[in-house]
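>>> Model the structure of this input:
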Amino acid sequence: MDGDFEEPDEWYGSDPDPVMNTWYDAEQASIPMRYQIEDRYDYPWPYDGNLRTASEESEIIIIIGSNTSCLNLDFQGYCNGPLQDGTAYRYQFRGYTEGGYTDTLLSEPISTVPKANLTWLWILLGVLGGLLLAAVIILGVIYFMRLHPDFFSKKSDNHLKGNENPMTITGEESVHKKPKHSKPVKLSKYDEYFNMMCADMEFRFSEEYEELRNVGRDQSWLVAELPSNKGKNRYTNILPYDRTRLQLEETEGDETSDYINANWIPGFNSQTEFIATQGPLPGTKDDFWRMIWEYDVKTIVMVTQCTERER
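Numbers count the residues shown, from 1 in each chain. Next up is the predicted model:
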């Protein structure tokens, strides 16, 4: 057995062994405690009646703390149980001869590896998770804005301009309210749907039209209500919106000459595919034909009767 042995005051007899604490005792103790890890070991060399000399050395490798079976609570004997993380230990060996035994000097303190502190790891994972979530939200907002580029501008315009108009409405009459009678109609059932709408003197068409009274009331039509433009409107309650009104080219430096009661209407191919305008008045018929000329209109469709309400 390698090591420097203390010079014993006396040699103990070979029969009695000192009773030492076990690994289990040390684990349960609240203060550091010396304990023994193995039972007495008899080295199995062949004894021929002669004592071994100092030159006849042998090596035994002992890995301290290698026996995990010590965790079994039913086992109470000496056991080479696991060492605690981040703890300083000192060890010594006990050597036996025919005359007795003695112990080596205690070794210098040897510390085990501290247990990994995962707190910083959880903090790091939390920070990375937060950054990842923020990136996902930002990408989602960017994607949404690409799909709906006018969403926020419309909200802002409605908020700023809606209250400027005396006819702005709120609550249940808001333009955002879904019409009761409006719904998609399959092309294969359009004839049946049209005949149903025409029944009872076209009463259902009248119902749908009544729902249009509140559409667009949250948008402004300030230009249409300028004193110089009021006379160009056939009806005072059917006015083009500021954001979608069609503008003519100004003539002779007249800033109000760009006005006509007409709105752009989006279609399948463009946001300015159609023009909706009033029937021209005697004073606006020139503006009407200017619009046809300037925007190269190829088709004109009249969707009203020539005479309505005796006019």
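
>>> where's the residue nearest to the spatial centre of the chain relative to Leu83, distance?
By Cα atoms, centre = their mean, the mean C-alpha position of the chain lies nearest to Leu133, the distance being 3.8 Å. Taking Cβ to Cβ, to the nearest Å as the measure, Leu133 falls 42 Å from Leu83. Where you see a C-beta, it was placed from the backbone N, CA and C, and this is true even at glycine.

>>> Same check on Thr299?
Separation of Thr299 from Leu83 (Cβ to Cβ) stands at 93 Å.

>>> Look up phi and psi at the residue nearest to the centre of the chain.
Here is the backbone geometry of Leu133 (degrees, to the nearest 10): phi -60, psi -40.

>>> ok, Thr299 and Leu83, which is more surrounded?
Counted by other Cβ atoms under 10 Å, Thr299 and Leu83 do not tie: Leu83 has more neighbours, with 16 against 5.

>>> Please, where are all the helices along this structure?
23-28, 119-147, 151-161, 190-211, 227-230, 285-294 (DSSP state H).

>>> so which of these comes closest to Glu308?
Nearest of the helices of the chain to Glu308, taken as Cβ to Cβ: helix 190-211 at 13.2 Å.

>>> can you give me the offset of the closest one from its chain's centre?
Taking Cα atoms, centre = their mean, to the nearest Å, one finds the center of helix 190-211 at 47 Å from the center of the full chain.

>>> Dump it to CSV, restricted to CA.
Provided in CSV are the C-alpha atoms of helix 190-211 (Å, rounded to 0.1, in the frame of the first residue of the first chain):
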residue,chain,number,x,y,z
TYR,A,190,-78.2,33.7,-59.3
ASP,A,191,-81.4,33.4,-61.4
GLU,A,192,-83.3,32.0,-58.4
TYR,A,193,-81.9,34.7,-56.1
PHE,A,194,-82.7,37.5,-58.5
ASN,A,195,-86.3,36.4,-58.9
MET,A,196,-86.7,36.1,-55.1
MET,A,197,-85.3,39.7,-54.7
CYS,A,198,-87.7,41.0,-57.3
ALA,A,199,-90.8,39.6,-55.6
ASP,A,200,-93.2,41.8,-53.7
MET,A,201,-92.4,44.9,-55.8
GLU,A,202,-88.6,44.4,-55.3
PHE,A,203,-89.0,44.8,-51.5
ARG,A,204,-85.8,42.9,-50.7
PHE,A,205,-83.8,45.1,-53.0
SER,A,206,-85.2,48.1,-51.1
GLU,A,207,-84.1,46.5,-47.8
GLU,A,208,-80.5,46.1,-49.1
TYR,A,209,-80.5,49.6,-50.4
GLU,A,210,-81.6,51.0,-47.1
GLU,A,211,-78.6,49.4,-45.4
